[in-house]
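*Asks:* next comes the sequence, and after it the predicted model I'd like to discuss.
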Amino acid sequence: MAGDVEAPVRRSSSCFLEVGRREIGSSFPRASSRRISGSEDIVMRMIKYGELKGHDGCVNTVSFNPSGDLLVSGSDDMNIILWDWLAKTKRLVYPSGHQENVFHARVMPFTDDSTIVTAAADGQVRVGQLKEGGEVTTKQIGEHDDRVHKLALEPGSPHIFYSCGEDGLVQHFDLRSDSGTKLFTCYSFSTSRRCVRLNTIAIDPRNPNYFSIGGSDEYARLYDMRKFLSDDSRNVNQPVDTFCPKHLIRGGKVHITGIAYSYAREILVSYNDEHVYLFRNDMGLGPNPELAQPELLDALEQPQVYSGHRNFRTVKGVSFFGPNDEYVVSGSDCGNVFVWRKKGGGLMRMMKGDSDVVNCIEPHPHFPFLATSGIDETVKIWTPTATKVMPLPKNAKKIIASNEKGREVNASRAELTLSSDVIMHLLRLNRRRSELNREHEPSAGNFTSDDDEAFYIGFGNGEGNQGENSDPRECIVS
């Protein structure tokens, strides 16, 4: 069954073979690097490189700049931090200008890392301009009537990006103008025509004309930007296609928290208190899924499923990982980072990434590194630098069973009436209470646990004194 705990299968021989090919000159360096980075041996050696400490609140967004040497983060403290993540130091801290929690921050490409766009719980979309001497100016360039969780940058453009909000509105921005363009408000397909509260938006990297959105119903919607640029304004709210697992159609009990595209134009969709699903572009239900004929539904192939984690308490992202999108990664309510094989859905890794909940997973643009964040006030960096293959934790089955049990219990209850604001407030109170308790406990250094991942962060030749300050880009497969 997809997502079951399985013994990790070592497939390192292809990785070592590739190293040998590179050494004798029969493989081009760039192609060789990509094949090595995508090997399972690399994934099985991922461990925590370090923690970035600087925020005073939950870290709701992490993203690398296009070159990958800087990391930008945003938090409940409403600050933006630019990190030299390799040195684990802050490059720059500035107030975002938002009045509430920052939910997303991205560095615009081809701007020399000087332009950062942000979105927040106050409904504002803002742009920060970094100037000489560390000066930063920010201004509001757009607004929603509710919280804005996600921005999507057009690949390769220093000017174009999109926003979506819980007001159902999708906006298009061009930084060469002073304000955004309202494209449409998303409504349900039912006769009630209720507004769909949007959590996520993603652009197809192979064809930036296409973008997908997801929110408070079960359907991932695909749109074509060219429809909005044409003179024909009829049915602009109608998507080009929609995607949903057959068993969730017309269910009305789930919503979408994260969407990601692969370079093969597959669409990865994460559902609240359900699983993660992978759709090919031939698995669509058409522009209106509730009008889909039974014959179409019967003929549709089931999407690949990734399970074991739990996505209930917060708005979690989801992502591909690897140079050819070989893996799928997600955070979880149990505080772990889950890594699955894209093909087949087998669970490979569970890495403890947060004391409470992991929300954000951000792959490095060029190397097999990850940045993660969640309810904790720190950002974690992961690199494939363990000196041995790391197994699943000994209590993996227990964690997965607990996640599944929680899902079953929640499904048997009446619809939850607590707002996400209240849930997040309770989580923060719980975290602060745990921190106070830890202050009165003996040092963790006095104890060891069989369930802890014992590791040594080493690079190069693996000598014990190379330590954390070595460059993980120079790590070798050993």
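*Replies:* Nice, thanks for sending it over. Numbers count the residues shown, from 1 in each chain.

*Asks:* helix or strand: which one has the closest residue in space to residue 153 that isn't next to it in sequence?
*Replies:* If the residues on either side of it in the chain are set aside, residue 153 comes closest to residue 161, at 4.6 Å by Cβ to Cβ, 6 or more residues apart in numbering. Every C-beta, even on glycine, is put in place using the N, C-alpha and C of the backbone. If you go by DSSP states H and E, residue 161 is part of strand 160-165.

*Asks:* so which residues make contact with that strand?
*Replies:* Residues outside strand 160-165 that contact it (Cβ atoms under 8 Å, 6 or more residues apart in numbering) are 106, 108, 117, 119, 123, 125, 142, 144-154, 170-175, 180, 186, 198-201, 203, 211, 213, 215.

*Asks:* let's see that with 6 Å instead.
*Replies:* 117, 119, 125, 144, 146, 148, 150-154, 170-174, 198, 201, 213 (Cβ atoms under 6 Å, 6 or more residues apart in numbering).

*Asks:* how far away from the center of its chain is it?
*Replies:* When C-alpha coordinates are averaged (Cα atoms, centre = their mean, to the nearest Å), strand 160-165 and its chain have centres 16 Å apart.

*Asks:* partner strands of it, parallel or antiparallel?
*Replies:* strand 148-153 (antiparallel), strand 169-174 (antiparallel) (DSSP bridges).

*Asks:* now it - C-alpha only, CSV.
*Replies:* Coordinates of each C-alpha in strand 160-165 appear next as CSV, following Å, rounded to 0.1, in the frame of the first residue of the first chain:
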residue,chain,number,x,y,z
ILE,A,160,5.3,39.2,-13.0
PHE,A,161,3.7,37.4,-10.1
TYR,A,162,0.2,36.4,-8.8
SER,A,163,-1.6,36.3,-5.5
CYS,A,164,-4.6,34.5,-4.1
GLY,A,165,-6.5,35.1,-0.9
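
*Asks:* if we can go back for a sec, columns mean neighbour count on top of the strands paired with strand 160-165, output as TSV?
*Replies:* Output for the strands paired with strand 160-165, formatted as TSV (neighbours: other Cβ atoms under 10 Å):
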stretch	mean neighbour count
strand 148-153	25
strand 169-174	21
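
*Asks:* possible to save these as JSON lines with mean pLDDT?
*Replies:* Below are those laid out as JSON lines (pLDDT from 0 to 100):
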{"stretch": "strand 148-153", "mean pLDDT": "98"}
{"stretch": "strand 169-174", "mean pLDDT": "97"}
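
*Asks:* make CSV out of those and add distance to residue 243.
*Replies:* Formatted as CSV, those follow (distance: least, Cβ to Cβ, whole Å):
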stretch, distance to residue 243
strand 148-153, 17
strand 169-174, 17
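
*Asks:* who wins for proximity to residue 85 among these?
*Replies:* For residue 85, the closest of the strands paired with strand 160-165 is strand 148-153, at 19.6 Å, according to Cβ to Cβ.

*Asks:* I figured residue 82 hits residue 91, correct?
*Replies:* Yes. Using Cβ atoms under 6 Å, residue 82 is in contact with residue 91, at 4.4 Å.

*Asks:* so these two - more neighbours on which side?
*Replies:* Legend: neighbour count by other Cβ atoms under 10 Å for residue 82 and residue 91, higher for residue 82 (21 against 17).

*Asks:* bridged to that one, which residues?
*Replies:* Note on residue 82: beta-bridge partners by DSSP bridges are residue 72, residue 92.

*Asks:* next up, the contacts around it.
*Replies:* 70, 72, 91-92.

*Asks:* so which of the residues you listed comes closest to residue 362?
*Replies:* Closest to residue 362, out of all of the contacts of residue 82 and judged by Cβ to Cβ, is residue 72, at 9.8 Å.

*Asks:* returning to that earlier point: any idea which of the strands paired with strand 160-165 gets closest to residue 281?
*Replies:* Nearest of those (Cβ to Cβ): strand 148-153, 17.9 Å.

*Asks:* just the CA trace of the closest one, in PDB.
*Replies:* Output of strand 148-153 as PDB, limited to C-alpha atoms (Å, rounded to 0.1, in the frame of the first residue of the first chain):
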ATOM      1  CA  VAL A 148      -3.200  36.000   1.700                       C
ATOM      2  CA  HIS A 149      -1.300  32.800   2.000                       C
ATOM      3  CA  LYS A 150       0.500  32.400  -1.300                       C
ATOM      4  CA  LEU A 151       2.200  34.200  -4.100                       C
ATOM      5  CA  ALA A 152       3.400  32.600  -7.400                       C
ATOM      6  CA  LEU A 153       6.300  34.100  -9.400                       C
END
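
*Asks:* would you mind pulling the contact partners of it?
*Replies:* The contact list for strand 148-153 (Cβ under 6 Å, 6+ apart) reads 103-104, 106, 117, 119, 123, 161-165, 199-203, 315.

*Asks:* and the strand holding residue 161, average pLDDT?
*Replies:* Taken as a whole, strand 160-165 has a mean pLDDT of 98.

*Asks:* stretch 79-96 now?
*Replies:* Stretch 79-96 comes out with an average pLDDT of 97.

*Asks:* endpoints of that stretch, how far apart?
*Replies:* With Cα to Cα, to the nearest Å applied, stretch 79-96 spans 5 Å between its terminal residues.

*Asks:* which residues of the stretch 251-400 of the chain fall in strands?
*Replies:* For the stretch 251-400 of the chain, strands defined by DSSP state E, counting those that start in this stretch occupy the ranges 256-261, 267-271, 276-279, 304-306, 318-321, 327-330, 336-341, 347-352, 358-363, 370-374, 378-383.

*Asks:* and the third one, which strands flank it?
*Replies:* Here the strand partners of strand 276-279, with direction, are listed using DSSP bridges: strand 267-271 (antiparallel), strand 304-306 (antiparallel).

*Asks:* using PDB, write down the CA coordinates of it.
*Replies:* Written as PDB, here are the backbone C-alpha positions of strand 276-279 (Å, rounded to 0.1, in the frame of the first residue of the first chain):
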ATOM      1  CA  VAL A 276      -1.100  14.000  -1.100                       C
ATOM      2  CA  TYR A 277      -2.000  13.100  -4.700                       C
ATOM      3  CA  LEU A 278      -0.100  13.300  -8.000                       C
ATOM      4  CA  PHE A 279      -2.100  14.000 -11.100                       C
END
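
*Asks:* go through stretch 176-192 and flag the buried ones.
*Replies:* Buried residues in stretch 176-192, defined by neighbour count with 16 or more other Cβ atoms under 10 Å: 180, 183-184, 186, 188-189.

*Asks:* over to stretch 404-415?
*Replies:* Those would be 406-407, for stretch 404-415 by 16+ other Cβ under 10 Å.
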